[in-house]
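Q: okay, here's the prediction I keep looking at, along with the sequence it came from:
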Number of protein chains: 2
Amino acid sequence: MQKKITIYDVAKRAKVAISTVSRVLNKSPYVSDSTRKKVLKAIEELDFRPQLSARKLASKEPQILGIVVPSFTTPFFNEVLKGVKDEIHKLDLDIIIYNTGSNNPRQGFINFLDRGTADALIIFSVSIDEEINRRLKNSGIPVVLVGSEHKEYNYIDFNNYRGGYLAGKHLAEQGFNNIGMISPAIVSRATTDRENGFRAALDEYGLPVDEDLFLIGETTKHSGLSEEAGFEAIYQYNQLGTWPDAIFCSNDTMAIGALNALSRLDMKVPDDIAIIGYDNIKFSKYINLSTVDQMMYDIGAKATLRLGEILNKQAKEPMHIITEPVLIKRDSTRNVKK
Amino acid sequence: MQKKITIYDVAKRAKVAISTVSRVLNKSPYVSDSTRKKVLKAIEELDFRPQLSARKLASKEPQILGIVVPSFTTPFFNEVLKGVKDEIHKLDLDIIIYNTGSNNPRQGFINFLDRGTADALIIFSVSIDEEINRRLKNSGIPVVLVGSEHKEYNYIDFNNYRGGYLAGKHLAEQGFNNIGMISPAIVSRATTDRENGFRAALDEYGLPVDEDLFLIGETTKHSGLSEEAGFEAIYQYNQLGTWPDAIFCSNDTMAIGALNALSRLDMKVPDDIAIIGYDNIKFSKYINLSTVDQMMYDIGAKATLRLGEILNKQAKEPMHIITEPVLIKRDSTRNVKK
DNA sequence: TTGTAAGCGTTATCAA
DNA sequence: TTGATAACGCTTACAA
């Protein structure tokens, strides 16, 4: 465990002052080519890398982009990250990912904010309430929201109504006519929109909407959007004894839970229930991956680009983007009615 | 954008010295109850939180646990994280997640190390070569490896041979007898083990191993373990014109790609090909979620616990754990031969 | 038990 | 174009 190398080591080796090393590090134009070369050489030889915390402490410049996610379950998060990374080196920021997690997500998030770790933020699926808004404003750091809306902020949101509509339309066109839905115990703008869009589609296709088949999960964990919720709902169906032939879940995770529950039920269950889940981001089971990958990549890139504009004071009005959902059928549908 | 509050503000408000505030912050016993109370009150009122970077700079104490992952695609990463979080408050560390990503993962990882951001590390699925080993040792920070092995380090690895074996056994017992496999273009210990175990199982069940059906993906991206690889392999089968009735993929992601490719092929493809994919972590499509969740949770918790022991100098020998894979069939298997 | 002051590794200001 | 040197916000001897 050798001692850490610092700019002092570099300065000594290059026979210059530490301030000069710092200038080289920060690409200051006020360094002669010859000394720059010397310093670069020393850096190279010593394999030196400036310490982030020292930098952050000393500098007014932004150093760290924080990406806030409630969970990593979405397989597209990688794509978002790629988009961010491809865009970020222009800004020369480090990335740190903050997971709000399940227990006490709000408080954890607020702590994270107040610790001042991030100098810019991309926030996924966290709705901005009064307190968070205050602290965010207060911190003065640039923010882009993804998957939520707030007029004072930049955001890239999804058209949930349209998404729900597409799900309904799809099921209708597949020939299902006894369709149910599982919604979360906690109502939110996003899931309500999904449900409304979904109902509208069924309506449009002249399908009956049997309220008995529209269930609400019991758990309030994860805003009611957990595997558990899907699980519970299936047991509710089972108890009721009335089964739909297709179920639309408010989100992806619920759908997984529902599938799981179905496979565990000992009792007789109609074998051809189709289950699809909506996500902020996708319809699992129906989506064409490459399309969504592209979409998510773009979101990451666009959000980062925007942060760059804000940091460079080039941005005026907040940017508001609504992304239209894509629904492309693919054959991994669990069961398609013939 | 009001100015940040610091210990100076707290000190002033509580009418004490900043060192006293610091002591309170660090739970030093050398503070009288009365002043502690005053300070705590001031902290509360000002809503003060110490800045991580300043802390890190000033203190010899570890502050940040870094979790290194190549990707977030595994839905179980959340579980790991839960395990970590539940264990970590005892250590009072912050978590930062570092994603090695796809392009130039090595260099990025090394940078990350050298910037000295993390004071302890849990490293997922990154094999420790000479250089990384050197830097890791050199940094002197405690490390736990997950999903890879190295005798000098603490690790929690998976029995890949056994996993491959279970996959083979499962397919054999399902009645498939014309079984293929897709392996990555880049060989690694883990995937070789999987393949060997798989072959051993087929052998044990007296099934023919048709080498024509054992394909290797073309792409070398993501160590050859990408959707693309699965995609390509399916096209290879198509070109060859010989189709297996079941395919085992070296990992999960490849399986997704394979499924995707199947659904896109215009030409006739046997409709009852079963596809399963292995992951470091799970058998997608076959696993019982709650079991694996538990397993991953445990891994997170155990790794963190271990780091704590090292930080407290209670650890002697490196801990080496091999986790046995679990294979629980569930009905979401794509196609099960009748 | 508390306060003073010297770091920690950078950046930023001011002279030179 | 360079070099001293004062911050940055916190921890930690050392004194009191």
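A: Arrived safely, thanks for sending. Residues are numbered from 1 along each chain as shown, chains lettered A, B, ... in the order given.

Q: residues contacting A:Phe209?
A: Just to correct that, residue A:209 is Val rather than Phe. A:Val209 makes contacts with A:199, A:202-203, as judged by CB atoms under 8 Å, 6 or more residues apart in numbering or on different chains. Placement of C-beta: from N, CA and C, glycine included.

Q: could you export those residues to TSV, including columns for pLDDT and secondary structure?
A: What follows is the contacts of A:Val209, written out as TSV (pLDDT from 0 to 100; DSSP: H, G, I helix; E, B strand; the rest coil):
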residue	pLDDT	secondary structure
A:Arg199	97	helix
A:Leu202	96	helix
A:Asp203	96	helix
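
Q: from those, list the ones also adjacent to DNA strand C.
A: For DNA strand C, no contacts are drawn from these by CB under 7 Å from any atom of the strand.

Q: closest one of those to B:Met254?
A: A:Leu202 (37.3 Å; CB to CB).

Q: which non-adjacent residue is nearest A:Asp193?
A: Spatially, and ignoring its direct neighbours in sequence, A:Asp193 is nearest to A:Asn160 (3.7 Å; CB to CB, 6 or more residues apart in numbering or on different chains).

Q: need the contact list for the one you found.
A: Counted by CB under 8 Å, 6+ apart, A:Asn160 has contacts A:189-191, A:193-194, A:197, A:278, A:325.

Q: so which of the residues you listed is the closest to chain B?
A: A:Tyr278 (16.7 Å; CB to the nearest CB).

Q: need the pLDDT of the closest one.
A: For A:Tyr278, the model assigns a pLDDT of 80.

Q: same question for A:Ala42.
A: The model's pLDDT for A:Ala42 equals 94.

Q: hmm, A:Ile18 and it touching each other?
A: No. The pair A:Ala42 and A:Ile18 fails to qualify as a contact (CB atoms under 8 Å) at a distance of 11.7 Å.

Q: quick one, which of those two is more surrounded?
A: A:Ala42 (21 against 14; other CB atoms under 10 Å in any protein chain shown).

Q: what does chain A put close to DNA strand D?
A: Residues of chain A lying close to DNA strand D (CB under 7 Å from any atom of the strand) are A:15-20, A:23, A:29-32, A:34-36, A:54, A:57-58.

Q: return the helix or strand in chain A with minimum mean pLDDT.
A: Using mean pLDDT, DSSP states H and E, strand A:283-284 stands out as the lowest-scoring helix or strand of chain A, at a mean of 66.

Q: one step back: of the contacts of A:Asn160, which is the most crowded?
A: That'd be A:Tyr278 among those, by other CB under 10 Å, with 32 neighbours.

Q: quick one: common contacting residues for A:Ala42 and A:Ile18?
A: Contacts common to A:Ala42 and A:Ile18, judged by CB under 8 Å, 6+ apart, are A:Val10.

Q: before we move on, back to that, got JSON lines for the contacts of A:Asn160, with distance to A:Gln294 too?
A: As requested, the contacts of A:Asn160 are arranged in JSON lines below (distance: CB to CB, whole Å):
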{"residue": "A:Arg189", "distance to A:Gln294": "26"}
{"residue": "A:Ala190", "distance to A:Gln294": "22"}
{"residue": "A:Thr191", "distance to A:Gln294": "25"}
{"residue": "A:Asp193", "distance to A:Gln294": "24"}
{"residue": "A:Arg194", "distance to A:Gln294": "22"}
{"residue": "A:Gly197", "distance to A:Gln294": "23"}
{"residue": "A:Tyr278", "distance to A:Gln294": "19"}
{"residue": "A:Pro325", "distance to A:Gln294": "14"}
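
Q: hmm, which two among these are most spread apart?
A: A:Arg189 and A:Pro325 (15.5 Å).

Q: wait, A:Gly300 sits on A:Glu87?
A: Yes. Shown here, A:Gly300 and A:Glu87 form a contact pair, counting by CB under 8 Å, at 7.3 Å.

Q: who has more neighbours, the two?
A: Remark: of A:Gly300 and A:Glu87, A:Gly300 carries more neighbours, 27 against 19, as counted by other CB under 10 Å.

Q: which stretches in the stretch 101-250 of chain A count as helices?
A: Using DSSP state H, counting those that start in this stretch, the helices of the stretch 101-250 of chain A run over A:105-114, A:130-139, A:160-173, A:189-204, A:227-240.

Q: just the CA trace of the last one, in PDB.
A: The C-alpha atoms that make up helix A:227-240 are tabulated as PDB, following Å, rounded to 0.1, in the frame of the first residue of the first chain:
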ATOM      1  CA  GLU A 227     -44.000  -8.100  -7.900                       C
ATOM      2  CA  GLU A 228     -45.900  -8.600  -4.700                       C
ATOM      3  CA  ALA A 229     -48.800  -6.600  -6.100                       C
ATOM      4  CA  GLY A 230     -49.000  -8.800  -9.100                       C
ATOM      5  CA  PHE A 231     -48.800 -11.800  -7.000                       C
ATOM      6  CA  GLU A 232     -51.600 -10.700  -4.700                       C
ATOM      7  CA  ALA A 233     -53.900  -9.800  -7.600                       C
ATOM      8  CA  ILE A 234     -53.600 -13.200  -9.100                       C
ATOM      9  CA  TYR A 235     -54.700 -14.700  -5.800                       C
ATOM     10  CA  GLN A 236     -57.600 -12.300  -5.800                       C
ATOM     11  CA  TYR A 237     -58.700 -13.600  -9.100                       C
ATOM     12  CA  ASN A 238     -58.300 -17.000  -7.800                       C
ATOM     13  CA  GLN A 239     -60.500 -16.300  -4.800                       C
ATOM     14  CA  LEU A 240     -63.100 -14.700  -6.900                       C
END
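
Q: thank you kindly, that will do.
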